[in-house]
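In: okay, predicted coordinates and the sequence, questions at the end:
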Amino acid sequence: MDNTKRYERLLERYRNGDLDRRTFLGLIGAAGLAYGVQTPFAGMARAQEVSQVRFDGWGGVVSEAFRRYAFDPYTEATGIDVVDATFAGADEYLAQVRASQEGEYNIAHLSGVFDYARYVNFGLDVELNLANIPNMELVMDALTNAYRGITPDHLSAVPYNYGTTGLAYNRAHISDEEMREKGASILIDPAYEGRIGGWSDWRTRIWYAALQTGQSPNNIEDMEAVWDAVREHRDLALKYWASGAELMSLLAEEEIYVTEGWSGRIYALQEQGHDIGYYDPPGSFGWQECLFVIKGSPVEACEELLNFMLAPETSIAVAEGQNYPPALDGTKVDLGEKVPTLPAYDPTGTLEALTFADPEYWNGNEAEWSEEFARVQRGF
Amino acid sequence: MSIEAREARQPWILLSPALSAVTMLLFVPLMFIVVYSFWLRSAVGPDTVGFYLDNWQRVLTDDFYRYILLNTLKIAAITTILCAVLGYPAAYFIARARGNKVLMLVLLMLPFWISYIIRTMSWINILGSSGALNSLLMTMGVISEPIRMLYNEGTVILGLVHFLLPFMILNIYVSVDGIDTSLEDAANSLGATRWQAFLQVTLPLSLPGLAAGGLLVFVLGASSYITPLILGGPRDAMFANLVFEAIITQLNWPLGSALSLLLLIVLGSLVLVYNRFLGMSQLTRGLG
């Protein structure tokens, strides 16, 4: 993006009333100082040249695909470097962001709509100008609307991919018929005591406990029954896994025969030749991931990068790498051969078949439930 | 300035970089944690700043935290005893060996060159259903189905012993190595058997090293986080895991601060008791 364009945008924001006259003139002055004189005060100018954007994601094949299809072409086109970093978990990352200075973190590949809501609640959101991200037109409305429900007047993220946390099972020990018959209740079946696993995430534990007790995960009426089901699962489980790698290891090594699992990770196991089945029971946990722009970031530079990342060639490459369908609408974009075969893929572009967590409901109960789960997990 | 005054200032000048580092990297962050422990977590948004005793009231009166703390201390105590029992003969052997002690000490330190996490995870490949031990037993026809050995309190203790044993051996070694062997010879010449000479001369003289090793192992064991996470089952957690969950999973930094300070106070008290009766000098000898 050239400097003239930046000045035009500043002027546009001023004309729209987003900037007062004093701030506008101050920014123009600071920008002039930054670009014209190139003094050490350049950093004070909000309209200064951006030299780099930091992206934090899950690493691995996803990172490689981003680097090849989005970051390098972006750097070539804009001269802005993309610093590619990884994080181990969304909770840990949020803790880091909260402890950081504004602008230190820019774009993050976040999980779920909960995270979007959490970042917004902590005041870490920005207002994206979607006109700068033309590829947003290719994204499914169903995914974008989830974020609009939290910030109706603006977006601080673009949807990127989606998947499910369904049931993964070892076909050598559990047949497809048995899995379909028992559904979520197989996780509390005493026949598999010591061979059951589960994600240590409190939301997933409660979600599946709700299904096991015949309740809607987005409207739990009998919470005691849910906690009892969580306890039942805890007593039958061998291990709560904490990462995708651990999930794959436990299933591949046959330490456990059944667990919930992330659709993409199970697909990867199947690709490796393991006879692991995957089944989304009714009400299976659907989720989506987004690329969130964090407060203090150079927004326009980030918008441009998001557009590169949403480009079909990038989205499809990332989707094929991580085995999760992209946010792009299959009715608008040719998604290639592999994407339509991925678990959870919705060819209709409506996502009506998936059940997503209601962020307001789950985030509203987060404080109480996450603490209670910590106790229940330890035998209380 | 007089020579005396200059000489009096000199140690402080030399100490100032270290004191500055300790102040900035230990004392100041600790004070942040103390301040945080009196704040309150908000359901959403930033924490409530102020002076509230709610977190402290919770961690001091709630049975849950007391149970996990006592369980943590129990696991650390078992680990310490096992390390002492296993480490003493090894340390004695190295100290009294006529061969190359340096080589043996290097071999003792060798595991430290490998990441603690990798060393802990190696037990999965040894004790897992398709791990080395089960495969060996099945090949030998001793068992027909894999034995379930992983993901329980026993494997957590095993992992901790694996990690902490060198600390115990080094401390005992330093102590035994410093004992004049002529004392044992004198005991023998006075009619004591080798076992009696060991029990009545060597062992009492090496107790400070054993205590220093015990303290290190206990403190490191009680504050362990990774081992129960990797080798523990759903119920197996130690106190440090609660701190992690409070701060990272629940984003409840005030409660996490209070929990971490409680652990610090408990373990700090133990160090103070040790210092009162044995002094810290033995500990620094062992670490040196």
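Out: Sure thing, it's come through.
In: distance of the residue lying closest to A:Gly296 once chain neighbours are set aside relative to chain B?
Out: Distances taken as CB to CB, 6 or more residues apart in numbering or on different chains put A:Glu102 closest to A:Gly296, at 3.0 Å, once the chain neighbours are dropped. Bear in mind the C-beta positions are built from the backbone N, C-alpha and C, glycine included. According to CB to the nearest CB, to the nearest Å, A:Glu102 stands 14 Å off from chain B.
In: quick check, A:Glu102 in a helix?
Out: No: assigned with DSSP: H, G, I helix; E, B strand; the rest coil, A:Glu102 falls outside any helix and is coil.
In: just the pLDDT at it, thanks.
Out: Per-residue pLDDT puts A:Glu102 at 93.
In: dihedrals phi and psi, it?
Out: With angles defined as degrees, to the nearest 10, A:Glu102 sits at phi -60, psi 130.
In: neighbours of it, just the number please.
Out: Using other CB atoms under 10 Å in any protein chain shown, the number of residues around A:Glu102 comes to 11.
In: surely it is in contact with A:Lys295?
Out: Yes: the criterion here is CB atoms under 8 Å, and A:Glu102 meets it with A:Lys295 at 6.1 Å.
In: can you count the residues close to A:Ala85?
Out: Neighbour tally, A:Ala85, other CB under 10 Å: 14.
In: where does A:Ser315 land in three-state SS?
Out: Assignment for A:Ser315 (three-state DSSP): helix.
In: repeat that for B:Ile169.
Out: Applying three-state DSSP: B:Ile169 is helix.
In: ok, now which ones touch it?
Out: When contacts are counted by CB atoms under 8 Å, 6 or more residues apart in numbering or on different chains, B:Ile169 touches B:Gly87, B:Ala90, B:Ala91, B:Ile94, B:Leu108, B:Gly213.
In: check B:Pro146 too.
Out: So B:Pro146 contacts B:Ser129, B:Ser130, B:Asn134, B:Met138 (CB under 8 Å, 6+ apart).
In: show the buried residues in these.
Out: B:Ser129, B:Asn134 (16 or more other CB atoms under 10 Å in any protein chain shown).
In: kindly report the domain assignment for chain A.
Out: Domains of chain A are assigned by automatic domain parsing as A:1-49, A:51-162+A:287-356, A:163-286+A:358-377.
In: which one of those has the poorest average confidence?
Out: Ranked by mean pLDDT, these bottom out at domain A:1-49, with a mean of 49.
In: helix/strand/coil for the residue nearest the centre of chain B?
Out: By CA atoms, centre = their mean, chain B has its centre lying nearest to B:Leu220, at 1.9 Å. Assigned by three-state DSSP, the conformation of B:Leu220 is helix.
In: residues touching it, list them.
Out: So, once contact is read as CB under 8 Å, 6+ apart, B:Leu220 ends up touching B:Phe163, B:Leu164, B:Phe167.
In: among the contacts of B:Ile169, which ones are in strands?
Out: Under the assignment DSSP state E, the contacts of B:Ile169 contribute nothing to strands.
In: lowest-confidence member of those, which is it?
Out: At the low end of pLDDT for those is B:Leu108, which has 91.
In: could you check how far the nearest residue to it once chain neighbours are set aside is from B:Leu82?
Out: The shortest distance from B:Leu108 to any non-neighbouring residue, by CB to CB, 6+ apart, is to B:Pro166 (5.4 Å). According to CB to CB, to the nearest Å, B:Pro166 and B:Leu82 sit 14 Å apart.
In: more neighbours, the two?
Out: For B:Pro166 versus B:Leu82, the count of surrounding residues by other CB under 10 Å is larger for B:Pro166: 21 against 18.
In: which SS state does A:Gly166 fall under?
Out: Secondary structure, three-state DSSP: A:Gly166 is strand.
In: that one: how many residues sit nearby?
Out: Count around A:Gly166 with other CB under 10 Å applied: 22.
In: neighbours of the residue of chain A found nearest chain B, how many?
Out: Nearest to chain B in chain A, going by CB to the nearest CB, is A:Asn121, at a distance of 4.1 Å. Neighbours of A:Asn121 under the rule other CB under 10 Å: 16.
In: nothing else from me, thank you.
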